[in-house]
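K.L.:
predicted model and sequence below, questions to follow.
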Amino acid sequence: MLLSKMLKDIEIAKQYGPADVEVSGLACDSRRVQQGFAFFALPGALTDGFDFIPQATAAGAAVVISERWPATFLENVCYLQVANVRRTMALIASEYYRHPTAGIPVIGVTGTNGKTSITYLLEAVLRQAGYSPAVFGTIEYRFGNEKLESTHTTPESLELMQMMGKFRMQGADAIILEVSSHALEQHRVDGIEFDIAVFTNLTPEHLDYHQNLDNYFASKRRLFSELLGQGSAAINRDDGFGRQLLRENPAWCSFGEEKSAQVHPLDIRIGRDGIVGSFLTPHGQVDIDSGLIGHFNISNLLATVTAAQLLEIENREISAGISAAAKVPGRLEKVENDKDVLALVDYAHTGDALEQVLKTLSKLDSKRLITLVGCGGDRDPSKRPVMAAASVEYSDLSIFTSDNPRTEDPQQILQQVRSGALAVDAVELSKMQLESGEKGFVVIPDRRTAIRLAVSLAKAGDLLLLAGKGHEDYQILGTEKVHFDDREELMLAFQRTVSEEKYNV
């Protein structure tokens with residue numbers, strides 16, 4: 001594609017060289033540049049793409065786009081200076097891949113919790129309504145039988161637009177995507193023509209990046225204030241930030257548990273096997289029969305119904321889609337066993353998410369609630385004591401262990417978790433207290449050992465929750481990613497002869 005065609009809506013500060021050059025590809029990594037490519041020199045936290053312009057041009061880049069102006073130029077290369085290279089890259093990528101989001105329904109789901117579950121539900125509803133949706137999210141990027149590993153909740157704009165274009169060519173006629181705050185802050189989804197935007201909630205998360213909740217919300221708000229255009233929005237009225245969005249645009253549709261929300265529960269029953277009942281909406285009653293577990297999933301179901309109605313999908317198709325929805329990997333996912341223990345794996349990795357899950361599970365019919373949880377390294381440390389406090393408040397036994405420590409010392413992370421438990425007067429159990437079934441917590445740094453301990457202690461009728469990693473099939477130890485799947489480890493632990501296990505607690 002001619003560079004001049006891709007630049008028709010781009011504001012250029014400076015230009016060196018002609019814009020009638022033919023571009024054969026796009027890259028923001030100099031190692032991926034080939035002959036005739038356009039190279040985007042992205043600023044980064046650790047490295048700056050500007051420093052790799054010589055490598056990119058040596059590899060054959062025909063165009064260099066940057067926020068800074070080079071000191072020297074090559075005669076056969078076009079240089080462009082722009083105010084925001086990430087936004088420019090997203091808009092050029094949309095043009096280069098022939099606007100893959102134009103002319104079809106595009107739904108963006110943002111918020112701290114619930115995004116993945118809602119995309120799975122919406123996928124099932126859209127299929128029921130006759131669509132062939134492509135989905136991009138935390139677990140994977142998929143369309144039809146093709147499933148690609150997810151590198152980020154929302155990938156970089158070049159990768160995202162390319163995949164969207166590919167899926168469109170394969171027959172996708174709708175797109176559903178989780179939209180992260182990082183993606184909004186870094187303009188990864190600029191250039192996408194959103195028709196529906198969903199706001200789930202906002203609780204403390206990623207504050208190591210955003211610094212405070214106001215900045216975090218400002219990033220999320222971009223989806224509604226800048227990118228949605230004339231589209232419609234489904235907003236959670238139960239959330240304070242959601243109410244703020246509704247004040248800014250009262251025409252948007254609200255969902256929530258109170259009758260003041262336009263879409264709200266009429267009659268709901270929650271049990272160990274799912275959620276059954278009905279919702280009242282501006283377009284009549286929608287019957288609900290879902291295999292999702294937990295009170296917090298009512299909000300995810302409300303969001304799904306609201307977004308689907310904004311797409312003018314009929315109520316019976318919405319109900320049928322929800323009933324047929326696949327189980328969401330790592331979201332209160334059951335692990336079968338012969339001990340009559342309700343064993344669940346969940347992705348809850350923030351204080352609020354863990355509290356919501358535990359609050360629901362504590363109301364289910366079980367003898368004891370055992371929770372195993374850890375906190376990731378190189379991430380917001382302020383949530384560690386909050387997660388510990390939530391765990392000990394609702395659980396009979398909490399087992400604190402490693403998650404993805406990354407480059408942090410696992411013992412140091414666990415010390416912060418332990419401090420959070422002690423701050424709310426939780427009891428750190430001795431081996432004798434643990435075996436006698438007293439309420440409190442223990443710290444087991446090795447996650448595999450911790451899981452085996454949890455299984456050995458669980459009795460018939462107990463509920464066992466492994467929180468934090470959910471669908472992830474790896475642990476990040478230092479800079480190395482090693483295979484580790486909570487679901488696999490749970491199954492193996494249940495298969496072991498418990499009487500032969502020996503633990504040092």
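P.N.:
Sure thing, it's come through.
K.L.:
contact partners for L414?
P.N.:
G374, F400, T401, S402, V443, P445 (C-beta atoms under 8 Å, 6 or more residues apart in numbering). From N, CA and C alone the C-beta is placed, and that goes for glycine too.
K.L.:
how does it look with 7 Å?
P.N.:
F400, V443, P445 (C-beta atoms under 7 Å, 6 or more residues apart in numbering).
K.L.:
now those residues as TSV including distance to E75?
P.N.:
Shown next, in TSV, are the contacts of L414 (distance: C-beta to C-beta, whole Å):
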residue	distance to E75
F400	62
V443	64
P445	59
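K.L.:
which parts of stretch 275-289 are buried?
P.N.:
With burial defined by 16 or more other C-beta atoms under 10 Å, the residues of stretch 275-289 counted as buried are I275, G277, S278, F279, L280, T281, V286, D287, I288.
K.L.:
name the residues that touch that stretch?
P.N.:
Everything outside stretch 275-289 that qualifies as a contact, by C-beta under 7 Å, 6+ apart, is 262-269, 290, 292, 297-298, 301-302, 305, 309, 315, 318-319, 322-323.
K.L.:
with stretch 26-38 instead?
P.N.:
Here stretch 26-38 has contacts from 22-25, 39-40, 42, 49, 52, 55-56, 59-63, 65, 89, 92-93, 96, 156, 158, using C-beta under 7 Å, 6+ apart.
K.L.:
which ones among those map onto strands?
P.N.:
Secondary structure from DSSP state E places G25, F39, F40, V63, I65 of the contacts of stretch 26-38 in strands.
K.L.:
relative to F73, how far out is the third one?
P.N.:
From F40 over to F73 the distance is 17 Å, taken as C-beta to C-beta, to the nearest Å.
K.L.:
show the pLDDT at the residue lying closest to G374 once chain neighbours are set aside.
P.N.:
Leaving aside its chain neighbours, G374 sits nearest to D403 (3.5 Å; criterion: C-beta to C-beta, 6 or more residues apart in numbering). pLDDT for D403: 95.
K.L.:
what does T497 give?
P.N.:
44.
K.L.:
rewinding a little: between F40 and F73, which is the more surrounded one?
P.N.:
F40 (29 against 14; other C-beta atoms under 10 Å).
K.L.:
now tabulate the ones in strands among the contacts of stretch 26-38 in a markdown table and tack on distance to A454 and pLDDT.
P.N.:
A markdown table is the format used below for the ones in strands among the contacts of stretch 26-38 (distance: C-beta to C-beta, whole Å; pLDDT from 0 to 100):
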| residue | distance to A454 | pLDDT |
| --- | --- | --- |
| G25 | 50 | 98 |
| F39 | 50 | 98 |
| F40 | 47 | 98 |
| V63 | 55 | 98 |
| I65 | 52 | 98 |
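K.L.:
which of these lies closest to P381?
P.N.:
Of all the ones in strands among the contacts of stretch 26-38, P381 sits closest to F40, with 32.8 Å by C-beta to C-beta.
K.L.:
spatially central residue for the protein, please.
P.N.:
Note on the chain: the residue nearest the mean C-alpha position is T138, at 4.5 Å, using C-alpha atoms, centre = their mean.
K.L.:
tell me who's in contact with that one.
P.N.:
T116, S150, T153, E178.
K.L.:
and the gap between it and D365?
P.N.:
Counting by C-beta to C-beta - T138 and D365 are separated by 31 Å.
K.L.:
for R418, same thing?
P.N.:
31 Å.
K.L.:
same check on T112?
P.N.:
29 Å.
K.L.:
which of the two has more neighbours?
P.N.:
Neighbours per residue (other C-beta under 10 Å) separate T112 from D365, with T112 holding more: 20 against 9.
K.L.:
report pLDDT for that one.
P.N.:
89.
K.L.:
isn't it up against Y216?
P.N.:
No: when contacts are counted by C-beta atoms under 7 Å, T112 is not listed as touching Y216 (8.4 Å).
K.L.:
C-terminal to the least confident helix or strand in the chain by mean pLDDT, what's the next element?
P.N.:
Least confident helix or strand, the chain: helix 207-210 with a mean of 54, by mean pLDDT, DSSP states H and E. Where DSSP states H and E defines the elements, the next helix or strand beyond helix 207-210 is helix 213-222.
K.L.:
pull out the buried positions in that following helix.
P.N.:
Those buried within helix 213-222 under the rule 16+ other C-beta under 10 Å are Y216, F217, S219, K220, R221, R222.
K.L.:
which ones are touching the last one?
P.N.:
Residues in contact with R222 (C-beta under 7 Å, 6+ apart) are L184.
K.L.:
what segments of the stretch 251-400 of the chain are helices?
P.N.:
Assigned by DSSP state H, counting those that start in this stretch, the helices in the stretch 251-400 of the chain fall at 297-310, 315-324, 351-361, 383-394.
K.L.:
average pLDDT across the third one?
P.N.:
It stands for helix 351-361. For helix 351-361, the per-residue pLDDT averages 91.
K.L.:
quick revisit: which of the contacts of stretch 26-38 count as buried?
P.N.:
Buried, going by 16+ other C-beta under 10 Å: 23, 25, 39-40, 42, 49, 52, 56, 59-63, 65, 89, 92-93, 96, 156, 158, out of the contacts of stretch 26-38.
K.L.:
just the ones in helices from those residues, please.
P.N.:
A56, M89, I92, A93, Y96, L158 (DSSP state H).
K.L.:
closest one of those residues to G191?
P.N.:
Proximity of these to G191 (C-beta to C-beta) peaks at A93, which lies at 6.6 Å.
K.L.:
in contact with the nearest residue to that closest one once chain neighbours are set aside, which residues?
P.N.:
Leaving aside its chain neighbours, A93 sits nearest to M161 (4.0 Å; criterion: C-beta to C-beta, 6+ apart). Counting by C-beta under 7 Å, 6+ apart, M161 touches A93, S94, Y97, P100.
K.L.:
would you agree the last one is in contact with K166?
P.N.:
So that's P100. No: assessed by C-beta under 7 Å, P100 is found out of contact with K166, at 8.4 Å.
K.L.:
of these two, which one has the most company?
P.N.:
P100 (26 against 16).
K.L.:
on that earlier part again, need the contacts of T138 in TSV with neighbour count, secondary structure and distance to V82, can you?
P.N.:
TSV is the format used below for the contacts of T138 (neighbours: other C-beta atoms under 10 Å; DSSP: H, G, I helix; E, B strand; the rest coil; distance: C-beta to C-beta, whole Å):
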residue	neighbour count	secondary structure	distance to V82
T116	23	helix	34
S150	17	coil	29
T153	20	coil	26
E178	24	strand	28
